[in-house]
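> Give me the fold of what follows.
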Amino acid sequence: SPVSAAGPAKSISRETTFYRDTLDMAFLAGTLRYLCERVGAHLRKEEKIARRVFLKLRYGDFETISRNHTFARPTDGDEDTFRAGLSMMGKAMEERRAPVRLIGIGVAELMPSSSQLSFLDTRDGKGQNLVRAMDSIRGKYGFTSIQRGLTFSLGSHFRVEDGSYLLKTSALSR
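Residues are numbered from 1 along each chain as shown. Predicted coordinates for the structure are as follows:
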């Protein structure tokens, strides 16, 4: 059959495998935060919003689990994705407290972002302005040029190359 160009992305995700399996929840949360910020930046660059977020965890024995959450309203926000991912990770770690080898976060059910306002939307837009300003700074000076608190400690675990953390097996999937 003829080869055709790939269609529009159905999901956007990031994941990484750690050098050593870990139970360090601060490190896991920081890595999750960083991956959520990468996914969010990609969403905004593509001018998309997502209805669903999914988490992937692989334990040291290679058992892999995934969890997902559907948002009440589609979003492109890092904070929304992170809160949902952190909640899912916390519940998964309660079910099975074992060292983690891989963590991943992604979004699906993508749709074009629109500027139409909703009477039900109580957000004031300041958070969106902040995230877009951070995207602009990161685009100019590199992703690690501006960070949130949880990601500061990643510098002691990962090298920085070209303004981004160099993850062992960084993966971007679409």
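> contacts and neighbour counts: CA atoms only from here.
OK.
> All the strands of the protein, in order from the start?
Applying DSSP state E to the chain gives strands spanning 11-22, 48-59, 64-75, 100-112, 159-161, 164-166, 171-173.
> Local confidence estimate at the residue nearest to Thr22 when sequence neighbours are not counted?
Distance criterion Cα to Cα, 6 or more residues apart in numbering; nearest residue to Thr22, sequence neighbours excluded, is Pro99 at 4.7 Å. In this model, Pro99 is scored at 96, pLDDT.
> Please report the distance of Pro99 from Ile137.
35 Å (Cα to Cα, to the nearest Å).
> Report how many residues lie close to Leu130.
If you count neighbours by other Cα atoms under 10 Å, Leu130 ends up with 11.
> Would you point out which residue is most central in this structure?
Cys36 (1.9 Å; Cα atoms, centre = their mean).
> Report the contact partners of it.
Contacts for Cys36 (Cα atoms under 8 Å, 6 or more residues apart in numbering) come out as Arg14, Asp78, Glu79, Thr81, Phe82, Ile105, Gly106.
> what's the span of stretch 90-102, first residue to last?
Stretch 90-102 end-to-end distance (Cα to Cα) = 15 Å.
> which residues touch that stretch?
Residues from elsewhere that reach stretch 90-102, judged by Cα under 8 Å, 6+ apart: 15-23, 56-60, 62.
> Got a quick ChimeraX command for the buried subset of these?
This is how ChimeraX selects the buried members of the contacts of stretch 90-102, with burial counted by 16 or more other Cα atoms under 10 Å:
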select :15,16,17,18,21,22,56,57,58,59
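> which of the contacts of stretch 90-102 has the weakest pLDDT?
Tyr19 (88).
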